[in-house]
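Q: here is a sequence with its predicted model. Questions after.
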Amino acid sequence: MRPPRGATDVTIGAGTEAEREWAAQLMFASDPWVTLGRTIERCRGFCYNPEYEFLVARAGGRPLGFLLLDPRGAMNSPYVAIVAVA
């Protein structure tokens, strides 16, 4: 099956340090984090946490969204801690 006309190939992979800052800024400017009153420092704390797996979706080399995966979820199962799309 071919992608829809005009669709861009999307890749998902480990995020870079620059993308961690981009993700923190995206969180800081978006709900529910705005409503919850999260500071930029708190958002950075999540995005730079070395215990979380940080994945970024990209199209044409530009980040589209990110996912933080916490490996220590309920009953030792990983779970999605944060997901955001620009």
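A: Okay, I see it.

Q: distance of Glu19 from Gly61?
A: Note on Glu19: its distance to Gly61, by C-beta to C-beta, to the nearest Å, is 11 Å. In this view, the C-beta of every residue, glycine as well, is placed from N, C-alpha and C.

Q: looking at these two, which is more packed in?
A: Shown here are Glu19 and Gly61; by other C-beta atoms under 10 Å, Glu19 has more neighbours (18 against 6).

Q: tell me what the residue nearest the centre of the chain is bridged to.
A: Closest to where the C-alpha atoms of the chain average out (C-alpha atoms, centre = their mean) is Phe66, at 2.1 Å. Beta bridges link Phe66 to Val56, Ala84, judged by DSSP bridges.

Q: the chain should start at 58 in everything you say after this.
A: Okay, using 58 as the starting number, the last item reads as Phe123.

Q: what residues are up against it?
A: 72, 76, 80, 83, 104, 111-114, 139-141 (C-beta atoms under 8 Å, 6 or more residues apart in numbering).
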